[in-house]
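Q: Model the structure of this input:
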Amino acid sequence: MDDVEKAILISFDESGAIDSELKSQAVNFCQQIKETPSVCRLCIEKLCFCKLVQVQFWCLQTLHEVLRVKYGSMNLEEKNFIRKSVFSMACLESIDDKICTIWESPAFIKNKLAQVLVTLIYFEYPLIWSSVFVDFLPHLSKGTVVIDIFSRLLNALDDELVSMDYPRTPEELAVAGRVKDAMRQQCVPQIVRAWYDIVSTYRNSDPEICTTVFDCMSRYISWIDIGLIVNDAFIPLLFELILVDGISEQLRAAAAGCVFAVVSKRMDAYAKLSLLKRLEMTRVFGLISDDNDSELVSSVAALVTGYALEILECSKRVNSEDAKVVSMELLDEVLPTVFYVMQNCEMDAAFSIVQFLSGYVATMKTLSPLKEKQMLHISQILEVIRTQIRYDPMYRNNLDILDKIGMEEEDRMVESRKDLFVLLRNVGRVAPEVTQIFIRNSFASAIASSSDRNVEEVEAALSLLYALGESMTDEAMRVGTGLLSELVTNLLSTRFPCHSNRLVALIYLETITRYMKFVQENTQYIPLVLAAFLDERGIHHPNIYVSRRASYLFMRVVKLLKSKLVPFIETILQSLQDIVARFTSMNLTSKEPAGSEDGAYIFEFSQAIGLLIGMEDVPLEKQSDYLSSLLTPLCQQVEAMLMNAKRLNPEDSPLKIANIQQIIVAINALSKGFSERLVTASRPAIGHMFKQTLDVLLQILVVFPKVEPLRTKVLSFIHRMVDTLGASVFPYLPKALEQLLAESEPKEMVGFLLLLNQLICKFSTLVHDILEEVFPAIAGRVLSAIQSIVDSSGPEANTEEIREVQELQKTLFTFLHVITTHDLSSVFLSPRSRDFLTAIMQLLLHTSCHHKDIITRKACVQIFIRLIKDWCARPYGEEKVPGFQSFMIETFATNCCLHSVLDKSFEFGDANTLVLFGEIVLAQKVMYEKFGDDFLVHLVSKGFPSAHCPRNLAEQYCQKLKVGTCTRTASNCDLNRVSDNLSILKITLIR
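A: This is a model prediction of the structure:
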């Protein structure tokens, strides 16, 4: 063993026994050898004399790399030497009287040799080495060793160059085309003949080599002359091997793979249809048996489904009636087998069940009425859908407790069902009666199925019924078209043995909810619906996920049925007595986490109860009793916890706070069922109860002034009471706003401003006094927070705190916009607010000129427009706000109306920017109306010159503005004015 071989062995060592430094030296030494001019001769020599696998692999890998990188710079002698040597190795020829024993090496060495040959073919075939394939063929008579290497060569050629399954560069595509063209012209017929002779010779003695040949052959059928395969010699041989018993299953499967390649070959639709008919595929249908795991059955299944898909594609592309008849006949023959394969066999990954069946169903849309055989196929398609959507019983426990495996399986099934349910809806449109009968029978079959399959069968049947409802119109559902009435009746009246299962319980409730339009028209079923939601199948289900979902769905049912449920309120509340008791005595323990799901559960349940008892159809006395029985214990709990707040242990405090949160959520949801008209006009006693509740909950802000979750929940409730109590909420607002404002951080201040926006939008100028009282504190707090953004720089600018302040700033502009557009701008002029006026004006000005959000800039310009209208009289009138007119003329007009528009960042091509520009032009119009020639004189004498705009253009612009301002007859005139202004400003910008 010389140094090169030792270095190669050391570099390949993975045992860990070799010193890392020594290994590094060996790798470097091998790399140096690769750089030597004689490395190719060295590699050939080692391949002839050395049997060490590592050395053989290194030498072949080196030859491959050198050829790919340095082929163009090699001399002719070296290329000839490599070509002759490598070809001799592949054909078992001697090199310098020495036979290379590479054929004794493992498969990966032979594959590497084939890869080196393909690299030579890439550069030399057919211009330099035109006879490579023809020269190889005579050597196949040497036996299976050479046949094996030849097959590996063809496989490597497909992988490395020809196959379109891999991304190729334009150069590789060009070479592949050149190689295929030359092979078709020169040697493909001889290669095909060789394949036939090899299989005929070795089919009994060496089925493994025949399998290898067939696997290779199936790669080439797609681009060679199909007549070389589809003839009286090869096709009979292939089918004979597929059908005969007693030979290798792998060989039979490989033969099926070749026929599959023939079936899949792209060609003219009429020629393809003729070919498919000629193949007489019915003879292989019987090979698909119960032994679904065998390689033969898998290959034949892929062949049959591929064959069916090709027939379907042909039927779409042929126009003649005769051809369509032939395609339908062939489909009718193959479909029963295809359906069996879909339900019982492992499907080929490339075959889409849904795509095929959707295509077949699409062919039926034009057929009316459907024939008996097509009706049968529809039933089989429905059976396939049912099979495909059915869960595997092995996952039953995982899905019921919803562990990690269960969640993964449920996610997988949800995804795979999407397309299957689309297919179901299409089938339902083509054959609605057949579909409904199938679902009815599935229902009956599922109920009668054995316990080991019952859960999955029932869940699948319910899912089919649910999906069917998605395709039905509201009208069809209301009248109970077809068998729908029977299906819904069976759904509501059936109690499944497996109802305790999570999946069954969930889909059962979802399906009932899906068909509530039918129940709305058929109120005799309401008791059955209520029973399903109120007993152990729904809200009282032992699985918490089911009971939570049931609460949500019940809330939806209540919304839909509304007054139809009034006669059942007593029954409903009695059935929910235990839930209501738990709900009115919130008492979380450390073992009961109060997560978001719990909050949602309480919210939905409370909202359902509120919707029930909040209807005007409920008698006042009963309504008062119902509401009092809920609000009183909840408020008492809050009052008790507030009284004991100072005595709370640190360990108990989070739980008590969580309890209060849940109570507020419950009351908030409960109130959603009560309209403003009911609680303020028709039944003020109900409104009084909510006022008392509001008074209690506002105490939370006093006792827990710094607990952000509680403050947020109380704020949400105040929002709710503004909508529910209307103007009667006013007496409670000063106290509420004072407490909310006292400890608010930027994030909370956003919520506070949103509350004020709601009040202003609902009550307009009625909130003037309240707004005047709180505005100075708001302005001081917000402006101080915004200044912190200006003072911050560097990496800290991306902190969560800074982002919260930026959100607050954006909300402030909305707040100011709401104030000005609701005739409340006088709030800015109150004695306590005037101190902040200059800072607010400067902030609005800077934002209107420079803010990156165009919508925000537009809002600020609109604020200025409103302020001009509110604070400025006609020209030469009394100035309401001293200095405001000069600020608008000298600062706003120049900076916002001129410089910001002329800035290169002002993109007229952007739709939002164009809208902003329209507001800027409108601002100029309003300024001219209010300020007269003072505005235009300043614009011409100071504004335009500062932007280096020629005087004649400035005067032209002002003239257009005058004309536009005087023209008030039609909106088109305003549009033309804006357009003219836009053109002039564009000219100015270019200059």
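Q: Only C-alpha atoms from now on, for both contacts and neighbour counts.
A: Fine.
Q: which residue is nearest the centroid of the chain?
A: Centroid-nearest residue in the chain, with C-alpha atoms, centre = their mean: Glu415, separated by 10.8 Å.
Q: where's that one relative to Asn111, distance?
A: 40 Å (C-alpha to C-alpha, to the nearest Å).
Q: how about the helices of the stretch 151-300 of the chain, start to end?
A: 170-186, 188-202, 207-220, 234-243, 249-264, 269-278, 282-285, 295-317 (DSSP state H, counting those that start in this stretch).
Q: ok so, going back, tell me if I am right that the residue nearest to the centre of the chain is in a strand.
A: No: counting by DSSP: H, G, I helix; E, B strand; the rest coil, Glu415 is not part of a strand but helix.
Q: what about stretch 443-456, distance to the chain center?
A: Chain-centre distance of stretch 443-456: 34 Å, with C-alpha atoms, centre = their mean, to the nearest Å.
Q: Adjust the sequence numbering to begin at 32 for everything that follows.
A: Sounds good: first residue 32 from here, last item stretch 474-487.
Q: May I have stretch 172-182 exported as PDB, CA atoms only?
A: Provided in PDB are the C-alpha atoms of stretch 172-182 (Å, rounded to 0.1, in the frame of the first residue of the first chain):
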ATOM      1  CA  SER A 172     -22.900 -11.100 -24.900                       C
ATOM      2  CA  LYS A 173     -20.300 -11.400 -22.200                       C
ATOM      3  CA  GLY A 174     -23.100 -11.800 -19.700                       C
ATOM      4  CA  THR A 175     -25.000 -10.200 -16.900                       C
ATOM      5  CA  VAL A 176     -22.000  -8.200 -15.500                       C
ATOM      6  CA  VAL A 177     -21.700  -6.100 -18.600                       C
ATOM      7  CA  ILE A 178     -25.500  -5.900 -19.000                       C
ATOM      8  CA  ASP A 179     -25.700  -4.600 -15.500                       C
ATOM      9  CA  ILE A 180     -23.100  -1.900 -16.100                       C
ATOM     10  CA  PHE A 181     -24.800  -1.000 -19.400                       C
ATOM     11  CA  SER A 182     -28.100  -0.600 -17.600                       C
END
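Q: Need the contact partners of that stretch.
A: 121-123, 134, 141-142, 145, 167, 170-171, 240, 243-244, 247 (C-alpha atoms under 8 Å, 6 or more residues apart in numbering).
Q: May I see the buried residues of it?
A: Of the residues in stretch 172-182, 175-182 count as buried by neighbour count, 16 or more other C-alpha atoms under 10 Å.
Q: And for stretch 35-48?
A: So for stretch 35-48, counting by 16+ other C-alpha under 10 Å, buried means 35-36, 38-42.
Q: what do you get for stretch 867-878?
A: Of all the residues in stretch 867-878, those buried under the rule 16+ other C-alpha under 10 Å are 867-868, 871-872, 874-878.
Q: same deal with stretch 439-456?
A: The neighbour-count check on stretch 439-456 (16+ other C-alpha under 10 Å) flags 440-441, 448, 451-456 as buried.
Q: Ok, stretch 503-523 next?
A: 503, 508-509, 511-512, 514-516, 518-519, 522-523.
Q: Before I go, just wanted to say thanks for your time.
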